[in-house]
Structure formats: C-alpha cells, structure tokens
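Colleague: Need coordinates for the below:
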Amino acid sequence: MGDYFHRQIQLWGEERQNSLSSKKIVIIGCGGLGSSLAIALGSSGIGEIHLVDFDEVSVHNIHRQIAFKVGDEGKYKAEVVAKLVEERCPYVKTVVHVEDFDSFTTKEIKPDLIIDATDNLPTRAKIDIWAKKIETPWIYGSVEAFNGQVCFFQKSSFSAFKVSDKKPEGIAAPIVMHIASLQANLALRYLVGLHVKKDFLYYLYFNDEGELITQKFGMPV
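Modeller: Numbering: from 1, shown residues only. Model prediction:
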C-alpha cells in the first residue's frame with residue numbers, strides 16, 4: 001500500500017495517509033462532477049465511498065462524464081463508477097445506491113463528508129438540510145457553460161442561494177473536471193486534517209478575453 005500512495009505520503013506523511021482509510025464519504029450524483037470526483041478521490045485511500053445516483057448512462061453524457069465510455073449506455077451510472085473506482089484502487093470500498101437522494105437519506109448513514117455532484121438547486125437545498133441534520137459538512141459544486149462555483153459548507157446555509165428549477169445551459173468537459181478537482185482538493189485537505197476555508201464561495205469564469213477570473217465571497221452564517 002505504501003508504494004501505491006507513495007507520492008501522497010510524501011505530501012502529508014504516513015499518519016495522515018493512514019487516517020484516510022477510516023474515512024467515509026458520500027458523493028451525491030455520478031454524472032459529470034461525480035465521475036471526476038470518484039476518480040480523483042477513489043484512488044486517494046479513502047476507506048469507504050458511497051455513490052448515490054438512480055440515472056442510467058446516455059450517449060450524450062459520455063463527452064463530459066469521464067467515467068463512461070461508448071458501450072455503457074443503459075447501465076446505472078453509480079454501478080459503472082463503482083466498478084471503475086475499485087479497479088483503479090484495491091484499498092477502497094464502494095457502496096452503490098441506485099436511488100434518489102430522498103430515499104438514500106432514510107438509510108441513516110453517517111459520513112465524514114458529503115460531496116454534491118448533482119445538477120439542480122432543489123436537490124442541493126435538500127443536501128444542505130440533511131447535512132445540518134446529521135451535523136456533517138458538505139462541498140457544493142456547480143458548472144454551467146464556462147463557469148463554476150465551489151463552496152465548503154459548514155455553518156452557512158444554502159438558503160443564501162435563490163433556489164429554482166432552472167435548467168443549466170450547455171457545457172464543455174474541461175470546466176466540469178476543473179470544478180470537480182477543486183472539490184476533491186478541499187475534500188482531501190479536510191479529511192487529512194489540513195486547513196480548509198469554510199463557508200466561502202469561489203466563483204470561477206472565463207471572461208470575453210478568455211481570462212480565467214476567480215471571485216471569492218464570504219457566505220452568511
């Protein structure tokens with residue numbers, strides 16, 4: 001195992017690396033963000049990863065949902081992602097939940113961290129309510145067009161957002177992977193005990209000149 005995680009051990013030491021094996025996380029959604037998150041975190045040494053998604057793979061998903069390939073159409077996303085994660089890392093246990101978020105929350109699972117990889121605001125509002133109920137932080141991520149947002153929620157409430165059922169615009173694959181990467185970095189820092197800026201929203205976008213702009217906002221607590 002030391003060889004597999006050698007470069008991470010160089011980064012934060014054996015004690016922190018070993019501590020990951022006792023951690024349990026939940027990724028809500030196994031599409032664009034969820035695919036990238038599962039690949040990034042599934043090979044990090046986290047002991048148990050719960051994957052929640054009731055959707056099946058469609059051909060139009062594949063260009064940006066990097067866990068899937070042509071031929072996966074019709075398969076449950078959570079099952080495909082779980083298989084890929086365990087094939088890449090023998091030290092992680094994946095638990096598949098082919099169901100919606102409301103059904104999942106009835107199972108009384110208590111993770112160390114919740115990660116949002118959904119694509120709609122109403123579900124994120126529900127994640128926030130559940131997270132507060134079980135006293136667990138969660139990491140929000142969203143993408144649209146060439147824009148993205150990330151926030152580590154602990155005390156602040158998602159009600160600061162205007163929650164609607166607005167459908168997202170078109171999207172390109174790189175921004176999905178970029179936002180998932182930021183979420184994954186926050187998750188790993190938190191899980192190994194490094195400092196994380198909490199209740200702080202990062203908004204990233206490309207302007208008309210193609211420049212990447214990052215804005216930061218403190219969320220009301």
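Colleague: Could you check how far the longest helix that the chain contains is from the centre of its chain?
Modeller: Scanning the chain for the longest helix, with DSSP state H as the assignment, gives helix 173-191. Centre-to-centre, helix 173-191 and its host chain are 7 Å apart (Cα atoms, centre = their mean, to the nearest Å).
Colleague: Could you give the average pLDDT over that helix?
Modeller: On average, the pLDDT along helix 173-191 is 96.
Colleague: same check, this time on stretch 48-63
Modeller: What stretch 48-63 shows for mean pLDDT is 96.
Colleague: Go through that stretch and flag the buried ones.
Modeller: By 16 or more other Cβ atoms under 10 Å, the buried positions in stretch 48-63 come out as Glu48, Ile49, His50, Leu51, Val52, Asp53, Glu56, Val57, Asn61, Ile62. (C-beta placed from N, C-alpha, C; glycine too.)
Colleague: Need the three-state assignment for Ser103.
Modeller: Recorded secondary structure, Ser103: helix (DSSP: H, G, I helix; E, B strand; the rest coil).
Colleague: Contacts only, for it.
Modeller: Contact analysis of Ser103 by Cβ atoms under 8 Å, 6 or more residues apart in numbering lists His97.
Colleague: if we go to 7 Å?
Modeller: Applying Cβ atoms under 7 Å, 6 or more residues apart in numbering to Ser103 gives no contacts.
Colleague: gap between Ile179 and Ile213?
Modeller: Distance, Ile179 to Ile213, by Cβ to Cβ, to the nearest Å: 14 Å.
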